[in-house]
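Trainee: This is a predicted model, with the sequence first.
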Amino acid sequence: MEMDPALTPAGAVAARSRRRDWIEIAVAYALILSVIWSPRPLQRVLWVVAVAGVAFILVVSFDGWKAMGLRTANFWRSLWIAGAALIVAGGAIGVAAHMHTLHLPRGGLAAFVETYIAYAIWTGVQQFLLQGFFLLRLLRVIPKPALAAFTAAFLFALAHLPNPILAPVTLLWGFVACLLFLRYRNLYPLMIAHAILGITVAVTIPGPVVHNMRVGLGYITYRPDRLPHRTHWLTKP
């Protein structure tokens, strides 16, 4: 008579590890959603709580910088991803210019950098959360890597609701990015590509259409006459 693997010491440890991964995924995601769907000034408080909570989980369940994709290996091999994003951006900008929907910051390159530098940095943080946090844990609890990648992308897109433009775009990008991460295990080109694509959406689609790229409660309460605030997957503008 064979013993149930879950009843063996190794099986018990594995079960506890999977349970811990699920708890960490659920807690981190709940913290993120609480920020996205909370009004100000409560949102600012919850943002600090969410950052502290995710940081705590990362410290106590540290997977290693290399495992999380923060490494030099395969950087040059995967840099084509950023190049592909530039090509897509160029095409989108050309179409937007033709349709008169392109809206670049006034003041040249300096104004462009000043406007989007913080957002570009934040896209890197989002990419780290998507692959370095959620995908790594999902890979341990879901046996099929492709399904784990899609689940991570689905969670990423779900956090962009009810924005009808960002939700499908992030589902597609999230899934592709997760598959590319599985192949190259390097986050840096994905971070660059995310920044390029996100900024492209921001400058090619009119603010009233995409609600200045807001998500959650910010999307619902958006008013075109108000200045945008940044809340996206902890979050985009």
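Mentor: Structure's in. What do you need? On a predicted model such as this, the values are computed, not experimentally measured, just so you know.

Trainee: Let's verify the residue nearest to the spatial centre of the chain: helix, strand, or coil?
Mentor: With distances taken as Cα atoms, centre = their mean, residue 126 lies nearest the centre of the chain, 3.6 Å away. At residue 126 the chain is in helix, as set by DSSP: H, G, I helix; E, B strand; the rest coil.

Trainee: thought it was touching residue 193?
Mentor: No. Residue 126 lies out of contact with residue 193 (Cβ atoms under 8 Å); the separation is 12.0 Å. From N, CA and C alone the C-beta is placed, and that goes for glycine too.

Trainee: Just the element for residue 152, please.
Mentor: For residue 152, the host element (DSSP states H and E) is helix 145-158.

Trainee: Can you point out the buried residues in that helix?
Mentor: By neighbour count on 16 or more other Cβ atoms under 10 Å, the buried set for helix 145-158 is 148, 149, 150, 151, 152, 153, 155, 156, 157.

Trainee: and what of stretch 207-214?
Mentor: Buried, per 16+ other Cβ under 10 Å, within stretch 207-214: 210, 211, 212, 213, 214.

Trainee: That one - what's its average pLDDT?
Mentor: The average pLDDT within stretch 207-214 is 90.

Trainee: who touches stretch 15-29?
Mentor: 6, 53-54, 57, 61, 129, 133-134, 137-138, 140-141, 155, 159 (Cβ atoms under 8 Å, 6 or more residues apart in numbering).

Trainee: Most neighbours among those, which one is it?
Mentor: residue 159 (28 neighbours; other Cβ atoms under 10 Å).

Trainee: mind checking how far it is from residue 35?
Mentor: 10 Å (Cβ to Cβ, to the nearest Å).

Trainee: which outside residues touch stretch 129-141?
Mentor: Taking Cβ under 8 Å, 6+ apart as the rule, stretch 129-141 contacts 17-18, 21-22, 24-25, 28-29, 32, 54, 57-58, 63, 67-70, 145, 148-149, 151-153, 155-156, 174, 177-178, 181, 187, 190, 233-234.

Trainee: Among those, which are located in helices?
Mentor: 17-18, 21-22, 24-25, 28-29, 32, 54, 57-58, 145, 148-149, 151-153, 155-156, 174, 177-178, 181, 190 (DSSP state H).

Trainee: And the buried residues of helix 145-158, which two are furthest apart?
Mentor: Using Cβ to Cβ, these span at most 15.1 Å, a distance reached by 148 and 157.

Trainee: quick revisit: can I get the buried residues of helix 145-158 in CSV with pLDDT and distance to residue 82?
Mentor: As requested, the buried residues of helix 145-158 are exported to CSV (pLDDT from 0 to 100; distance: Cβ to Cβ, whole Å):
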residue, pLDDT, distance to residue 82
148, 97, 24
149, 98, 20
150, 98, 23
151, 98, 25
152, 98, 21
153, 98, 19
155, 98, 24
156, 98, 19
157, 98, 22
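
Trainee: Tell me the one among these nearest to residue 80.
Mentor: residue 149 (19.2 Å).

Trainee: Count residues in the vicinity of the closest residue to the closest one other than its chain neighbours, would you?
Mentor: Leaving out its chain neighbours, the residue that sits closest to residue 149 by Cβ to Cβ, 6 or more residues apart in numbering is residue 178, at 3.6 Å. Using other Cβ under 10 Å, residue 178 has 26 other residues around it.
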